[in-house]
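Q: Mind looking at a prediction? Sequence and model below.
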2 protein chains.
Amino acid sequence: MKTRIGILGYGNLGRGIECAIKHNDDMELVAVFTRRNPDDVKILTENVKVYSVNDVEDFKDKIDVMILCGGSATDLPEQTKKYAEMFNVIDSFDTHAKIPEHFADVDAAAKKSGKIGIISVGWDPGMFSLNRLYANAILTNGSDYTFWGKGVSQGHSDAIRRIDGVLDGKQYTIPVESALEAVRNGENPELTTKQKHTRECFVVAEEGADKARIESEIKNMPNYFADYDTTVHFITEEELKKNHSGIPHGGFVIRSGKTGWNDENTHIIEYSLKLDSNPEFTASVLVAYARAAARLNAEGQTGCKTVFDIAPAYLSAQSGEELRAHML
Amino acid sequence: MKTRIGILGYGNLGRGIECAIKHNDDMELVAVFTRRNPDDVKILTENVKVYSVNDVEDFKDKIDVMILCGGSATDLPEQTKKYAEMFNVIDSFDTHAKIPEHFADVDAAAKKSGKIGIISVGWDPGMFSLNRLYANAILTNGSDYTFWGKGVSQGHSDAIRRIDGVLDGKQYTIPVESALEAVRNGENPELTTKQKHTRECFVVAEEGADKARIESEIKNMPNYFADYDTTVHFITEEELKKNHSGIPHGGFVIRSGKTGWNDENTHIIEYSLKLDSNPEFTASVLVAYARAAARLNAEGQTGCKTVFDIAPAYLSAQSGEELRAHML
């Protein structure tokens, strides 16, 4: 029997989930739920309907895992604990500082309902976190480095678009190659986020706008750009659409550590992602963990979990025998 | 209370375990066991004794996890199942084709004794296998690539040393940079092991030996070198000692996959290791999984496990709360 999936929220991430289900033969999409008027939401899968989020309770026995595709700022802190009362749930909650609180909320709700809730699934938090954990457990004596990019930062792009005279804009976060190389060489440099990344902005200005003033406002914007090496390019709306409409991202998690009786040997563990579509990759991770959620709950487990708590075999459609024979 | 570790077999790997225990405050080395005369084995840790392997049963209640440091060809197929009758055990069994059989043997023994046995721990099998599994579960529509090196191949070095007129030799397996780049670019090339690697040999010849003949014998050796792009350098014994006495290794596990309704987006997941000391890194992985073995058994779990079956949090000395707060 296939694992029956529901999607709650149909933006870029929800659409990515839909695409990922298409790539997993043991999963099926049962329904999409929206806070909008369901008639206004067109999805890709034939013969699957869009419902109002108000009807979600009717699906209690028809969905094995509900994948929550809302935002971390206001949606997920309310939604995940709420829907854990009815479903196994999974989210991509990414406000790192609030994870302990979110975990406690979802754990209480899921233990009460006898369901599983998996939070903070994706790539950071998610696969990057896993790689930090594995690398730290192996090389206990070392230093961690996370670099993000090359990729689009939504927050920084929004900040550009709020400047007077700007019609549209996209910001790319780019790792500093020389910093990456120093880390890879085992030099253990001390690096701030600002020393590890540069920022490149593509801006569409209003006709007649003062470009020098816009560039200066961007480069001097506190927190966002002021302390970074920032480049600003003015382009046309057509160029922005043609060359910068994707949502690529990625990054690097590197741990450099020493072993040996006198710390005489250096080792570098590096994990990297190069993603054409940030939301589609995140969705693919969520769907793999949805498989795990269904299995864990079928075994009788309940409560909140993170990627740290789930044995890798639960993510794969293959059996233990198949994995040992072909992938170990 | 610390996790009490025993080491069975004191070669490069056993010594690496000893060094790794020094880097893990929650672990302690209780004893080293050897098939040699214990008086002939000098270890690094003060106040820890070397015993004959015949005395191992006396330590049944004094050791939480026995780390087996024998070879995969003849030692581990006998030892792991045997010592699983008395201890939680862990090994680095790396004969991929025989893993299912080894798993069944150890599983039966460990279930009978109520212990845990974790097999095939290290980096390949081990961390590379884990990365293959995670990447396959996420990107179900894609291709896998494993490159090994740059590193010393013991088997190929031995093959060189068997040639008449050769005093000593070391062989490095080196990934082909252009093949790596094609994979990273998402070109999905079809590549055999031979197309992915070159072989570089450093050879010390006997005085007056026919170097042209030795070079030809190496380059034309079936299976080992004949189909590879092989380079042979003749050097002095002093140069070999000075520049080639380390045991470095490493490699790359890359998965390239497509997502999107029409497979329109490409993603690259890459995991790589650059290791100064192959045995010390393998040992560091084993020690992290020894922590997991002790915990799993304390929870009442028994039988054989692989890295696929163990939730990442079990490897870390940190608590779930600490991991969620600082590493997620």
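A: Cool, the structure landed.
Q: residue nearest the centroid of chain A?
A: Most central in chain A under Cα atoms, centre = their mean is residue A:122, positioned 3.8 Å from the mean C-alpha point.
Q: Surely residue A:30 touches residue A:4?
A: Yes: under the criterion of Cβ atoms under 8 Å, residue A:30 makes contact with residue A:4 at 4.7 Å. Bear in mind the C-beta positions are built from the backbone N, C-alpha and C, glycine included.
Q: For the lowest-mean-pLDDT helix or strand in chain A, which outside residues touch it?
A: Lowest by mean pLDDT, DSSP states H and E among the helices and strands of chain A is helix A:193-196, with a mean of 90. Taking contacts as Cβ atoms under 8 Å, 6 or more residues apart in numbering or on different chains, the residues outside helix A:193-196 that touch it are A:145, A:147, A:175, A:176, A:179, A:227, A:228.
Q: and those, which of them are in helices?
A: Among the contacts of helix A:193-196, the members found in helices (DSSP state H) are residue A:179.
Q: separation between residue A:124 and residue A:324?
A: Using Cβ to Cβ, to the nearest Å, we find residue A:124 at a distance of 30 Å from residue A:324.
Q: okay, those two: which has more neighbours?
A: Of the pair residue A:124 and residue A:324, residue A:324 is the one with more neighbours under other Cβ atoms under 10 Å in any protein chain shown, namely 25 against 20.
Q: mind listing the helices in the stretch 201-328 of chain A by residue range?
A: A:211-219, A:237-243, A:278-298, A:320-326 (DSSP state H, counting those that start in this stretch).
Q: Same list (the ones you listed) but as JSON lines, adding mean pLDDT and distance to residue B:13.
A: Converted to JSON lines, those look like this (pLDDT from 0 to 100; distance: least, Cβ to Cβ, whole Å):
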{"stretch": "helix A:211-219", "mean pLDDT": "97", "distance to residue B:13": "54"}
{"stretch": "helix A:237-243", "mean pLDDT": "97", "distance to residue B:13": "52"}
{"stretch": "helix A:278-298", "mean pLDDT": "98", "distance to residue B:13": "33"}
{"stretch": "helix A:320-326", "mean pLDDT": "96", "distance to residue B:13": "22"}
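Q: For the closest residue to chain B within the stretch 51-200 of chain A, give me its contacts.
A: Of all residues in the stretch 51-200 of chain A, residue A:137 sits closest to chain B, at 3.9 Å by Cβ to the nearest Cβ. Residue A:137 sits next to B:288, B:291, B:312, B:315, B:316, B:317 when contact means Cβ under 8 Å, 6+ apart.
Q: Mind listing the shared neighbours of residue A:30 and residue A:4?
A: Common neighbours of residue A:30 and residue A:4 (Cβ under 8 Å, 6+ apart) are A:62, A:63.
Q: Which parts of the stretch 51-200 of chain A are strands?
A: For the stretch 51-200 of chain A, applying DSSP state E, counting those that start in this stretch gives strands covering A:65-68, A:88-90, A:116-118, A:142-148, A:151-152, A:166-175, A:197-205.
Q: returning to that earlier point: is it correct that the residue nearest to the centre of chain A is in contact with residue A:286?
A: Yes: look at residue A:122 against residue A:286 with Cβ under 8 Å: they come within range, at 6.8 Å.
Q: anything in contact with each of the two?
A: The contact sets of residue A:122 and residue A:286 overlap at residue A:92 (Cβ under 8 Å, 6+ apart).
Q: Count the residues that sit near the closest residue in space to residue A:237 that isn't next to it in sequence.
A: Closest residue in space to residue A:237, ignoring its immediate chain neighbours: residue A:204 at 4.9 Å, by Cβ to Cβ, 6 or more residues apart in numbering or on different chains. Using other Cβ under 10 Å, the number of residues around residue A:204 comes to 21.
Q: Would you confirm that residue A:204 contacts residue A:170?
A: No: Residue A:204 lies out of contact with residue A:170 (Cβ under 8 Å); the separation is 9.2 Å.
Q: Across the sheet, point out what pairs with the residue nearest to residue A:237.
A: Taking DSSP bridges, one finds residue A:168 as the beta-bridge partners of residue A:204.
Q: how near is it to chain B?
A: Look at residue A:204 and chain B: by Cβ to the nearest Cβ, to the nearest Å, they are 24 Å apart.
Q: per-residue confidence for that residue?
A: pLDDT for residue A:204: 97.
Q: Next up, the contacts around it.
A: With Cβ under 8 Å, 6+ apart, residue A:204 has these contacts: A:166, A:167, A:168, A:169, A:234, A:235, A:236, A:237, A:240.
Q: and residue A:44, that one's in a helix?
A: No: judged by DSSP: H, G, I helix; E, B strand; the rest coil, residue A:44 forms no part of a helix; its state is coil.
Q: count of residues packed around it?
A: That count, for residue A:44 with other Cβ under 10 Å as the rule, works out to 13.
Q: before we move on, the earlier item: in ChimeraX, select just the buried ones from the contacts of residue A:137.
A: Buried subset of the contacts of residue A:137, written as a ChimeraX selection, criterion 16 or more other Cβ atoms under 10 Å in any protein chain shown:
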select /B:288,291,312,315,316
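Q: taking the contacts of residue A:137 as a set, which two sit the farthest apart in space?
A: B:312 and B:317 (12.8 Å; Cβ to Cβ).
Q: what residues does the stretch 51-200 of chain A put near chain B?
A: Proximity of the stretch 51-200 of chain A to chain B (Cβ under 8 Å from any Cβ of the partner chain) is limited to residues A:96, A:99-100, A:103, A:120, A:125, A:127, A:129-134, A:136-141, A:184.
Q: Show the buried residues in these.
A: Buried by 16+ other Cβ under 10 Å: A:96, A:99, A:103, A:120, A:125, A:127, A:129-134, A:136-140, A:184, out of those.
Q: Widest-spaced pair of the contacts of residue A:204?
A: A:166 and A:236, at 13.4 Å, using Cβ to Cβ across the contacts of residue A:204.
Q: Looking only at neighbour counts, state which of these two leads.
A: Shown here are residue A:166 and residue A:236; by other Cβ under 10 Å, residue A:166 has more neighbours (20 against 11).
Q: wouldn't that one be in contact with residue A:214 here?
A: Yes: under the criterion of Cβ under 8 Å, residue A:166 makes contact with residue A:214 at 6.1 Å.
Q: where's residue A:146 relative to residue A:251, distance?
A: Residue A:146 is 7 Å from residue A:251, where distance means Cβ to Cβ.
Q: ok, now residue A:204?
A: Distance from residue A:204 to residue A:251, by Cβ to Cβ: 27 Å.
Q: can you check residue A:241 too?
A: 26 Å.
Q: of these two, who's got more company?
A: residue A:251 (21 against 12).
Q: Quickly list what's touching both of residue A:204 and residue A:170.
A: Residues touching both residue A:204 and residue A:170 by Cβ under 8 Å, 6+ apart: residue A:240.
Q: Specify the beta-bridge partners of the closest residue to residue A:249 other than its chain neighbours.
A: Counting by Cβ to Cβ, 6+ apart, residue A:249 lies nearest to residue A:151, which is 3.0 Å off, once chain neighbours are set aside. Beta-bridge partners recorded for residue A:151 (DSSP bridges): residue A:173.
Q: Was I right to think residue A:151 contacts residue A:251?
A: Yes: look at residue A:151 against residue A:251 with Cβ under 8 Å: they come within range, at 7.2 Å.
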